[in-house]
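*Asks:* Sharing a model prediction with you, sequence too.
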Amino acid sequence: MAGLRERKKEQTRQRIAAVAWRMFTERGFDAVTVNEIAEAAEVAKATLFAYFPTKESLALHGVGDDDLAGIVARRPAGQTFLTALRAHHRAFAAGQLPEADLDALLARVRVIRNSPTLQNAANGLLYQQREALAQVLTDEYGPTAAALMAAQVAASLLTLQETYFQRLLGGASAEEAGRALAQDVELAFDLLEHGLDHTEGR
């Protein structure tokens, strides 16, 4: 019975998110109200807030879910944290984005880019990721070194993400963008592991 309740709750969550994103795509994030989303999703406003405490959290559902701190904390003994993060992002880049999902992804990227409110909220999620990663690294490296390491990793991953989306928005196919992302992941982690001098002689 508990499993059925959880499935129904997840179905409701997904329905609300799908309705909201359709409206955001059609009209823009700032033009759509929470009341309109609740009415279109056929739920009470209080129900919507039970799943998503803010309109921003609804729009960014699934964004910033990459658990960098968890990946590092769960890595095998003897493995460096950069090796663990490289393996994770290498596997992500190797996964093929279905072409059928490309339009929906690009629509979401455009909505976020066109809303300063959402951009600020997304930046807040990235900051939380960075802080969590720094916390995990602190015991091993100390607070200052951990903060610097986490900041460098976060900046590199943000650049990878932005470059990937820019290629897609520029007309690259999902396959082309994926191949380029795989190369960028290796370059980014080479630089993180070996420093800026790694580019000399290229």
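*Replies:* Structure received.
*Asks:* low-scoring pLDDT stretches of this structure, where are they?
*Replies:* By pLDDT under 70, the low-scoring segments of the chain are 1-2, 64-65, 196-202.
*Asks:* what domains does the record give for it?
*Replies:* 4-60, 68-194 (the TED database).
*Asks:* Can you lay out the ones you listed as TSV showing mean neighbour count?
*Replies:* C-beta here means a position set from N, CA and C on the backbone, and glycine is covered the same way. Listed next are those as TSV, based on neighbours: other CB atoms under 10 Å:
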stretch	mean neighbour count
domain 4-60	16
domain 68-194	15
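*Asks:* immediately after the helix or strand hosting Leu137, which helix or strand?
*Replies:* Leu137 belongs to helix 116-141 when elements are defined using DSSP states H and E. Sequence-wise, the next helix or strand downstream of helix 116-141 (DSSP H and E) is helix 143-169.
*Asks:* Off-centre distance for that following helix?
*Replies:* The chain centre lies 11 Å from the centre of helix 143-169; the measure is CA atoms, centre = their mean, to the nearest Å.
*Asks:* do you know how far Ala177 is from Trp21?
*Replies:* 21 Å (CB to CB, to the nearest Å).
*Asks:* My error: substitute Leu158 in the last question.
*Replies:* Distance from Leu158 to Trp21, by CB to CB: 22 Å.
*Asks:* which residues does Tyr141 contact?
*Replies:* Listed by CB atoms under 8 Å, 6 or more residues apart in numbering, the contact partners of Tyr141 are Met149.
*Asks:* Return the distance of it relative to Leu192.
*Replies:* With distances taken as CB to CB, Tyr141 is found 14 Å from Leu192.
*Asks:* Strands along the chain, start to end?
*Replies:* For the chain, no strands are identified by DSSP state E.
*Asks:* quick one, helices of it?
*Replies:* Ranges of helices within the chain are 2-27, 34-41, 45-51, 55-59, 68-73, 81-94, 99-113, 116-141, 143-169, 174-194, based on DSSP state H.
*Asks:* End to end on stretch 58-74, go ahead and measure it.
*Replies:* Separation of the first and last residues of stretch 58-74 by CA to CA, to the nearest Å is 29 Å.
*Asks:* Going forward, the N-terminal residue is numbered 20.
*Replies:* Taking 20 as the first residue, the last one we looked at is stretch 77-93.
*Asks:* How far does that stretch sit from its chain's centre?
*Replies:* The chain centroid and the centroid of stretch 77-93 are separated by 7 Å, computed with CA atoms, centre = their mean.
*Asks:* which outside residues touch it?
*Replies:* Contacts for stretch 77-93 (CB under 8 Å, 6+ apart): 32, 35-36, 39-40, 43, 48, 56, 67, 70-71, 100, 103-104, 107, 130-131, 137, 140-141, 144-145, 147-148, 151-152, 154-156, 172-173, 176.
*Asks:* Same question for stretch 109-124.
*Replies:* Residues outside stretch 109-124 that contact it (CB under 8 Å, 6+ apart): 40, 187, 192-194, 196-197, 200-201, 203-205.
*Asks:* okay if I get these as CSV plus distance to Ala119?
*Replies:* Listed next are these as CSV, based on distance: CB to CB, whole Å:
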residue, distance to Ala119
Trp40, 16
Leu187, 14
Ser192, 13
Ala193, 10
Glu194, 13
Ala196, 15
Gly197, 15
Leu200, 19
Ala201, 21
Asp203, 24
Val204, 24
Glu205, 28
